[in-house]
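Asks: test case, fold it:
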Amino acid sequence: MFDVGTDVGSQLPPAYPHRAAHGTAGTLRQWQQEALDLYIQRRPRDFMAVATPGAGKTTFALRVAKLLVESGEVNRIYLVVPTEHLKRQWADAAARVGLAVDPNFKNSDGRHGSQFLGVAVTYAQVANKPALHRNKTEAARTLVIFDEIHHAGDSLSWGDGVREAFHPAVRRLALTGTPFRSDTSPIPFVTYAEGPDGVPRSRADYSYGYGPALKDLVVRPVVFMAYSGNMRWRTASGEEMEAQLGGAATKDITHHAWRTALNPEGEWIPAVLRAAHQRLMKVRDRIHDAGGLVIATDHESARAYAAQLDQLTGQVTTVVLSDEKEASRKIEQFSEDPSKYWMVAVRMVSEGVDVPRLCVGVYATSTSTPLFFAQAVGRFVRLRKKAEVASVFLPSVPVLTDLANAMEAERDHALAAPESAYPEDGDIPEADLLEQAEKEERASDELAKGEFAALGSSAAFDRVMFDGEEYGLGGAIGSEDEMDFLGIPGLLEPEQVSQLLRRQQAEQLKRRPQSAEPAGDVVDHRQLKALRSKLNKSVSAYSSKTGMHQGSIHTKLRDKCGGPPVGQATQTQLEARLKQLQLWFVSK
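Replies: Residues are numbered from 1 along each chain as shown. The predicted model follows:
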């Protein structure tokens, strides 16, 4: 056995050279080897590795576990995971490298069988009886592996339970593949350091983001297909509203337009599902077992989406609901049946669940935190042996398109800063604003339950996002402009994806008529942005003065001056609307 104060590397037994194959076959990826070397060098009691979904955190963690068991440092393993399904998934992976872990252990069992080296439990299970798990931890030299450690911050009881149960562990390995949520309470066994802004932030011992993983060909490239459209709804006060999904609007209008788009009875969802299925069929030309996943907001919507897919595909769609006892079995069956096209789920497969054949996704949920978005997209990035391309379809709303364009960004868990650190709303970090907005939206949903009504929706292809860049000029459903992007091959290297998207956009430009701007003028995107901002602020001021909804004012301006929504309007059109609004101010 080696201890914390001695050189771990020098005490590794000859039977386990750490650069050997993982388990019994295969070699570690470069990032896994680097992280393992760092772990051996530091000999830490606590170690946190942050690696993008699909990069292979499980392989790295089990290599550490195998090393510690074979060296005699530990003789018990605890796997702490978010869901019941992941208990079995982790136990299966551990068994493949010769580590027997019981995924069926219940708190009422008290002890696990002697044939097992340890147990796999959920965070909720630990919080329910922390004293039991503390006794088990103290009774042996225990390594605890926390899968997606941020779940220890989901509730006060979970964090307290984890802290009490595993404080005596001789080794603790924390893993996460997604940005930490903002929180006022520190997550147990995570190190925090004060940043230059005075805000304590989590500090990982090793980080491996999506950007580097994509360059290393460790994960799939993800192409985001954004769809807009016209939305109509009735507010809680009985007023009928209309807005362009993704157009310039207030938070409330954007939220209600988003809800309207996701309504199964409108035209937006069926159109996007058809486009996503066309994409899946194109991918299956080269990747014969490719599958698709629709992430829904609630059970009712999930069943409705599945019914539409049943008609579209001619086969029964797999529906996975988190409160069903058969959820894990359904996921496993879908994963193992290459003939199945689509699975629809509510949160159940948003994190950690490994279905490698998922290549196409539809983000049909109103959840908008960076954490959940990264978890959801993480279901599609796991690379197999081919240069597979993942495609994710989503509503064209700023929150989601900004997250899609920032896939490479790495965020740490930041503890809440003093109020003085955020003197103005504009200085609040985006992640905090998104979470605050989501809380407000949920509260608004509860108040307006049964009163909001989606009246109708249409869909239109908006644009494609990849590697922080945007492509495409929009187009009608079924148009050549849309089909150009739906038809890209399913097997491409990242650089090939960029080249092909640029070529498709160039073809669109050739088909389009001349710009509405005066000939010879160069469009200044900064000036356009400033004009849009000025118009939106003026509309907001006019709304305060008159009591009219901002969406109604924008519609009235378009009727008077002509042109598309603000996001697509030219400089001349924006200036005309500003002048018209000034006239209205004077007349009032």
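
Asks: who are the contact partners of Gly292?
Replies: Contacts for Gly292 (CB atoms under 8 Å, 6 or more residues apart in numbering) come out as Ala276, His277, Leu280, Tyr341, Trp342, Met343, Leu358, Cys359, Val360, Gly361, Val362. Every C-beta, even on glycine, is put in place using the N, C-alpha and C of the backbone.

Asks: repeat the analysis, applying 10 Å as the threshold.
Replies: Contact analysis of Gly292 by CB atoms under 10 Å, 6 or more residues apart in numbering lists 273, 276-277, 279-281, 283-284, 309, 313, 317, 340-344, 357-362, 380, 391, 393.

Asks: which helix runs longest in this protein?
Replies: In the chain, taking DSSP state H as the definition, the longest helix is helix 525-546.

Asks: only C-alpha atoms, please: export that helix in CSV.
Replies: This file holds the C-alpha atoms of helix 525-546, laid out as CSV (Å, rounded to 0.1, in the frame of the first residue of the first chain):
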residue,chain,number,x,y,z
HIS,A,525,-22.6,44.9,-38.6
ARG,A,526,-21.6,47.0,-35.6
GLN,A,527,-23.8,49.9,-36.8
LEU,A,528,-26.7,47.4,-37.5
LYS,A,529,-26.3,46.1,-33.9
ALA,A,530,-26.3,49.6,-32.5
LEU,A,531,-29.5,50.5,-34.5
ARG,A,532,-31.3,47.4,-33.4
SER,A,533,-30.4,48.2,-29.8
LYS,A,534,-31.5,51.8,-30.2
LEU,A,535,-34.8,50.7,-31.8
ASN,A,536,-35.5,48.2,-29.0
LYS,A,537,-34.9,50.7,-26.3
SER,A,538,-37.1,53.3,-28.0
VAL,A,539,-39.9,50.6,-28.4
SER,A,540,-39.5,49.8,-24.7
ALA,A,541,-39.9,53.5,-23.8
TYR,A,542,-42.9,53.9,-26.1
SER,A,543,-44.4,50.8,-24.4
SER,A,544,-44.0,52.3,-21.0
LYS,A,545,-45.6,55.5,-22.2
THR,A,546,-48.6,54.0,-24.0
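
Asks: follow-up on the earlier one: in helices only, show me the contacts of Gly292.
Replies: If you go by DSSP H, the contacts of Gly292 have Leu273, Ala276, His277, Arg279, Leu280, Met281, Val283, Arg284, Leu309, Thr313 in helices.

Asks: Gly490: which of the residues you listed is nearest?
Replies: Ranked by distance to Gly490 (CB to CB), the ones in helices among the contacts of Gly292 are led by Val283 at 3.5 Å.

Asks: state the distance from the nearest residue to that closest one once chain neighbours are set aside to Thr313.
Replies: Excluding the flanking residues, the one nearest Val283 by CB to CB, 6 or more residues apart in numbering is Gly490, at 3.5 Å. Going from Gly490 to Thr313 by CB to CB, to the nearest Å gives 18 Å.

Asks: ok, the closest residue to Asp467 other than its chain neighbours - contacts?
Replies: In space, and not counting its chain neighbours, Asp467 is closest to Ser498: 6.3 Å by CB to CB, 6+ apart. When the contact criterion is CB under 10 Å, 6+ apart, the partners of Ser498 are Pro221, Phe466, Asp467, Glu469, Tyr471, Leu492.

Asks: any idea how far the closest residue to the second one other than its chain neighbours is from Phe585?
Replies: In this structure, Phe466 finds its nearest non-sequential neighbour in Val223, 5.0 Å apart by CB to CB, 6+ apart. To Phe585, Val223 is 44 Å away according to CB to CB.

Asks: then Asp216?
Replies: Asp216 is 56 Å from Phe585, by CB to CB.

Asks: and Leu173, by the same measure?
Replies: In this view, Leu173 and Phe585 are 62 Å apart by CB to CB.

Asks: more neighbours: which of these two?
Replies: Of the pair Leu173 and Phe585, Leu173 is the one with more neighbours under other CB atoms under 10 Å, namely 25 against 13.

Asks: give me the packing partners of the helix or strand hosting the more buried one, helices and strands only.
Replies: Using DSSP states H and E, Leu173 sits in strand 171-176. Secondary-structure packing of strand 171-176 (3 or more CB pairs under 10 Å, 6 or more residues apart in numbering; DSSP states H and E): strand 46-51, helix 57-71, strand 76-81, strand 142-146.

Asks: relative to strand 46-51, how tilted is it?
Replies: Between the axes of strand 171-176 and strand 46-51, defined by axes from the mean of the first three to the mean of the last three CA atoms, to 10 degrees, the angle is 20 degrees.

Asks: neighbouring strands - and their directions - for strand 171-176?
Replies: Here strand 171-176 has these sheet partners by DSSP bridges: strand 46-51 (parallel), strand 142-146 (parallel).

Asks: relative to the whole chain's centre, how far out is the longest one?
Replies: Relative to its chain's centre, strand 46-51 lies at 19 Å (CA atoms, centre = their mean, to the nearest Å).

Asks: residues near the nearest residue to Asp354 once chain neighbours are set aside, how many?
Replies: In space, and not counting its chain neighbours, Asp354 is closest to Gln89: 6.1 Å by CB to CB, 6+ apart. By other CB under 10 Å, the residues close to Gln89 number 23.

Asks: which strands and helices sit next to the helix or strand that Gln89 is a member of?
Replies: Applying DSSP H and E as the criterion places Gln89 in helix 84-96. Judged by 3+ CB pairs under 10 Å, 6+ apart, the packing partners of helix 84-96 are helix 57-71, strand 76-81, strand 101-102, strand 118-122, helix 123-128, helix 327-336.

Asks: work out the gap between stretch 530-550 and the centre of the chain.
Replies: Distance of stretch 530-550 from its chain centroid, counting by CA atoms, centre = their mean, is 33 Å.

Asks: average model confidence for it?
Replies: For stretch 530-550, mean pLDDT is 80.

Asks: and that stretch, which residues are buried?
Replies: Neighbour counts using 16 or more other CB atoms under 10 Å place Leu531, Arg532, Leu535, Asn536, Ser538, Val539, Tyr542, Ser543, His549, Gln550 of stretch 530-550 among the buried residues.

Asks: CA atoms of the helix holding Gln89 as PDB?
Replies: Extracted C-alpha coordinates of helix 84-96, given in PDB (Å, rounded to 0.1, in the frame of the first residue of the first chain):
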ATOM      1  CA  GLU A  84     -30.700   4.700 -11.100                       C
ATOM      2  CA  HIS A  85     -29.800   3.900 -14.700                       C
ATOM      3  CA  LEU A  86     -26.300   5.200 -14.300                       C
ATOM      4  CA  LYS A  87     -25.700   2.800 -11.300                       C
ATOM      5  CA  ARG A  88     -26.000  -0.200 -13.700                       C
ATOM      6  CA  GLN A  89     -24.100   1.600 -16.500                       C
ATOM      7  CA  TRP A  90     -21.100   2.300 -14.200                       C
ATOM      8  CA  ALA A  91     -21.200  -1.200 -12.700                       C
ATOM      9  CA  ASP A  92     -21.100  -2.700 -16.100                       C
ATOM     10  CA  ALA A  93     -18.100  -0.600 -17.100                       C
ATOM     11  CA  ALA A  94     -16.300  -1.500 -13.900                       C
ATOM     12  CA  ALA A  95     -16.900  -5.200 -14.500                       C
ATOM     13  CA  ARG A  96     -15.300  -4.900 -17.900                       C
END
